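**Q** structure for the following, please:
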Amino acid sequence: MSERDRFVAVSLLTQRDLDRWGNSLRNVYPLGNPDDFSELLRRIDAADADHRSAGSTGSDRQN
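**A** Sure thing, here's the model as predicted:
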């Protein structure tokens, strides 16, 4: 599968959801307070920066 065909998802899950999915999720970033969306956005930005520094240029993104 090419980089352009990869699926990307952001979701809010409960612990029950995580228990059900087990180890099939590659990256999980727990939030202390699910109502704190600024923290969610900060963690998404940090994960994106980590991904980019690992070698992805982001050039396959579509706006």
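
**Q** which SS class is residue 28?
**A** coil (DSSP: H, G, I helix; E, B strand; the rest coil).

**Q** list the contacts of it.
**A** Residue 28 sits next to 13, 18 when contact means CB atoms under 8 Å, 6 or more residues apart in numbering. Backbone N, C-alpha and C define where each C-beta goes, glycine included.

**Q** report the secondary structure state of the one residue sitting closest to the centre of the chain.
**A** Nearest to the mean C-alpha position of the chain, by CA atoms, centre = their mean, lies residue 10 at 5.3 Å. Secondary structure, three-state DSSP: residue 10 is coil.

**Q** pretty sure it is touching residue 44, no?
**A** Yes - Residue 10 lies in contact with residue 44 (CB atoms under 8 Å); the separation is 6.3 Å.

**Q** identify the contacts common to these two.
**A** Counting by CB under 8 Å, 6+ apart, nothing touches both residue 10 and residue 44.
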